[in-house]
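1. I need the structure of the sequence given here:
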Amino acid sequence: MIDPKTAQKILLDATQVLGWEYWKISSSLGSVLADDVYAPVDLPMFDMSAMDGYAVCFNSDGSTTFSCIDSVQAGDTRLIELLPGQCVRIFTGAWVPASSDAVVMQEKAVQNGQLVVVEASELKKGNHIRYQGSQIREGERVLEAGQFIHPAALGFLAGMGVRFVNIYDPVRVAILTTGNELQTSEHDLEPGEIYESNRILLEAALNELNMRSMYAISVADDAAETRRVIADLLEKVDVLIITGGISVGEYDFVGPALAELGVKTLFYKVAQKPGKPLFVGKLNHKTVFALPGNPAAVLTCFYEYVRPCLLKMKGHEKVLLPVQFLPLLQPVENQANRALFLKAKVADGQVQILDKQGSDMLHSFAMANALAFIPAETSYAVGDLAEVHLLPLSTMSYGS
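-> Coordinates of the predicted model:
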């Protein structure tokens, strides 16, 4: 067996970024830019009002009274030019007329008929005007290769009229769950059967990465069928995630099938709990993960190994879970010769180890927002700092 950190390094050293292609920005959320992006236009594209109020052309004598000659709303394309002492009623986002010196917010002005009296303090050159190009100039590099396309980046690109971006290829993924005992929630269970959860939790974990599994298939414990399905999926995807069937029991057919198909082992069995019988292999450029069958072990292995691999393939630089060293609220003793990944709750700068740590127990995982990494043969007292891996959940779950 190898230790978890060595396993991660072996995996990431063997993982390469995929190719790239042009995609519509509407489909690029969660991807990574493969090229720099340059602004096709100025932002703003014209002098724009930042307020509802009045665009004014200063009087030569400093008077605070103006003659209102028109009204301009957002989307109005008319060209209006103001003379000294004139103003227009204007609304946020509207094109500021030529010769305007400032925009006076409506709360600082009083209109009576065509006359508008404004507060003198508002008569500052450029007040409340977003000048053309003040945010970005046409031709300026605005996003660099390697930038993660999150909602703000997507909105920024859309606001410049960018329609396509050069992104790293999406990773094609398949999920294969194994076991005669597995049934979907639509069926009534017979004695000895259980509801299948691994496929759903893995699909949800992929959705967190803005990825979609191309295939999600279940196979019974049958050697020939297991081999056939794995061979078919390896023809179609970049990453194959298998759950169950990787141990050495009489009905564990995944390992032999992978060997027969020529999948080369990167590592098999990691000195950790949960998730010891983890297999990772390569077939040419394709990566195969054979995870244990217990759902908490599946999710732990996904976050610690599968997720970093997928992120690197998509072009990300920071791929491991964020790490903090936080004080423990209770003592922890690990007398075993393998590391522990304990489901934990981080709040107020401290970490609480949750109850029910079994590899089959998702209840505590559902309550967790972190995994506490406890090295082999290590003990901690209350208040000792433990290595904590933060799960990709809303920051709301981490407390104040």
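2. Now do the helices in the stretch 301-400 of the chain.
-> Assigned by DSSP state H, counting those that start in this stretch, the helices in the stretch 301-400 of the chain fall at 307-313, 363-367.
3. ok, now the stretch 101-250 of the chain?
-> Assigned by DSSP H, counting those that start in this stretch, the stretch 101-250 of the chain shows helices spanning 151-159, 198-208, 223-234.
4. which stretch among those comes nearest residue 353?
-> Evaluated over those, closeness to residue 353 peaks at helix 198-208, with 21.5 Å, by C-beta to C-beta. (Each C-beta comes from the backbone N, C-alpha and C, glycine too.)
5. Who are the packing partners of that closest one?
-> strand 173-178, strand 213-219, strand 239-243, helix 295-301 (3 or more C-beta pairs under 8 Å, 6 or more residues apart in numbering; DSSP states H and E).
6. Including mean pLDDT, distance to residue 117 and mean neighbour count, could the ones you listed go into TSV?
-> As requested, the helices and strands packed on helix 198-208 are exported to TSV (pLDDT from 0 to 100; distance: least, C-beta to C-beta, whole Å; neighbours: other C-beta atoms under 10 Å):
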stretch	mean pLDDT	distance to residue 117	mean neighbour count
strand 173-178	91	65	25
strand 213-219	81	65	18
strand 239-243	95	68	26
helix 295-301	95	66	26
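7. so can I have CSV of these showing distance to residue 258?
-> Below are the helices and strands packed on helix 198-208 laid out as CSV (distance: least, C-beta to C-beta, whole Å):
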stretch, distance to residue 258
strand 173-178, 11
strand 213-219, 13
strand 239-243, 8
helix 295-301, 16
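8. weakest of the helices of the stretch 101-250 of the chain by average pLDDT?
-> Among the helices of the stretch 101-250 of the chain, helix 198-208 carries the lowest mean pLDDT, at a mean of 89.
9. Enumerate the positions of it that are buried.
-> 198, 199, 200, 201, 202, 205, 206 (16 or more other C-beta atoms under 10 Å).
10. what about residue 114, neighbour count?
-> Neighbour count of residue 114, defined by other C-beta atoms under 10 Å: 10.
11. right, and it touches residue 67 too?
-> Yes: the criterion here is C-beta atoms under 8 Å, and residue 114 meets it with residue 67 at 5.7 Å.
12. Pick out the residue nearest the middle of this protein.
-> The centroid of the chain falls nearest to residue 209 when counting by C-alpha atoms, centre = their mean (5.0 Å).
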